[in-house]
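Trainee: Sequence first, predicted coordinates after that:
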Amino acid sequence: MSSELRLKKLRGSGGYVMATVTDEQQMKGNLGGPDLFLAPIGRLEAEIITKHFCNTCEKEFEGSPKIEFENPNEEVAENLILYEKGQYICNSCNTSIAEYREFRKQDEAGDVGVAKPLEPAVESIPQQVVEPEVQTPQQTVTQPDPATSVSSIEGRGVYDENANKIGTAKQVGIDSTQSMVLVVTKNDGIEGSIPWSNIKKIGEVILLGNPEEAAQPGKCSNCGFENKDGSKFCEECGTKI
């Protein structure tokens, strides 16, 4: 680890902290843009945090916010455990400034295997407002509402349907067709986007699914023609459904 320490602003979903961090920690917090983020860095010692800002209080405070964490040691995939999860909490109003998750491989030399079933975890999305009367009937765990989930996914690992890590979640955006996408920093450092419809589940990690799983019954995967339910071949192009 580098011995060089620099005072940096580290962003979270509910504010930021000013802390003296090493070059290695800065690299972890860099998701490809001009800002540095707390979530990928994990837990910092309170002594190195000089100030923190809370979006709810709209005020900057001297010193460190409260840092609460636990070690669930929960297996989220074969050879991958959730070792620690925690959050930075405003000393004044007790709202979350940032969350983090630390994953570890049980066998460092081995690969990550099939993901374990992920259940919706309301506690992992502290800013989510549950209002059943205004939720759309189609909203499910497999299609999480972007408006309520954006603040909770920064820095979370993104895994494909085979539980292979493909990158780290950065933010939610809009592509050229005005469709919602998840912006990720890939393993090679290049930024890319994933259609929101390809997200299967959001838990401690973000798990993607096969696009075909979300296909409408009777819709042709080749030309997009919507056939009648039960059709075996597309009436437009003849492709097998």
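Mentor: Here it is on my side, so go on. All values derive from a computational prediction rather than experimental measurement. Numbering: from 1, shown residues only.

Trainee: longest helix of the chain?
Mentor: Ranked by number of residues, the top helix in the chain under DSSP state H is helix 23-29.

Trainee: could you point out which element follows that helix?
Mentor: For helix 23-29, the succeeding helix or strand toward the C-terminus, using DSSP states H and E, is strand 36-37.

Trainee: for the helix or strand following that following strand, packing partners?
Mentor: Counting by DSSP H and E, the element after strand 36-37 in chain order, helix or strand, is strand 49-54. Under the contact criterion of 3 or more Cβ pairs under 8 Å, 6 or more residues apart in numbering; DSSP states H and E, strand 49-54 touches strand 15-22, strand 59-62, strand 96-104. Where C-beta positions appear, they are placed from N, C-alpha and C, glycine not excepted.

Trainee: Could you rerun that using 7 Å?
Mentor: strand 15-22, strand 59-62 (3 or more Cβ pairs under 7 Å, 6 or more residues apart in numbering; DSSP states H and E).

Trainee: could you dump the ones you listed to TSV with mean pLDDT and mean neighbour count?
Mentor: Formatted as TSV, these follow (pLDDT from 0 to 100; neighbours: other Cβ atoms under 10 Å):
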stretch	mean pLDDT	mean neighbour count
strand 15-22	96	21
strand 59-62	96	13
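
Trainee: can I get these in a markdown table with distance to residue 44?
Mentor: Converted to a markdown table, the helices and strands packed on strand 49-54 look like this (distance: least, Cβ to Cβ, whole Å):
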| stretch | distance to residue 44 |
| --- | --- |
| strand 15-22 | 6 |
| strand 59-62 | 16 |
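
Trainee: Which of those strands sits closest to residue 112?
Mentor: strand 15-22 (26.8 Å; Cβ to Cβ).

Trainee: tell me the angle of the closest one relative to strand 49-54?
Mentor: An angle of 160 degrees separates the directions of strand 15-22 and strand 49-54 when computed by axes from the mean of the first three to the mean of the last three Cα atoms, to 10 degrees.

Trainee: Parallel or antiparallel, list what pairs with strand 15-22.
Mentor: Sheet neighbours of strand 15-22, with direction, are listed as strand 5-12 (antiparallel), strand 49-54 (antiparallel) (DSSP bridges).

Trainee: got the contact list for the longest one?
Mentor: Identification of contacts with strand 5-12 by Cβ atoms under 7 Å, 6 or more residues apart in numbering yields 16-22, 26, 29, 35-38, 41, 50, 88, 97-98.

Trainee: Pull out the buried residues from that strand.
Mentor: Burial within strand 5-12, assessed by neighbour count using 16 or more other Cβ atoms under 10 Å, is assigned to 8, 10, 11, 12.

Trainee: now the last one
Mentor: Buried residues in strand 49-54, defined by neighbour count with 16+ other Cβ under 10 Å: 49, 51, 52, 53, 54.

Trainee: As a check, name the ranges of all helices in this structure.
Mentor: Along the chain, the segments classed as helices by DSSP H run 23-29, 146-149.

Trainee: And those, which one averages the lowest pLDDT?
Mentor: When mean pLDDT is averaged over each of those, helix 146-149 scores lowest at a mean of 38.

Trainee: And for residue 231, the neighbour number?
Mentor: Using other Cβ atoms under 10 Å, residue 231 has 16 other residues around it.

Trainee: where in the protein is pLDDT low?
Mentor: Applying pLDDT under 70 to the chain flags residues 1-3, 113-152, 173-179, 210-217, 222-224.
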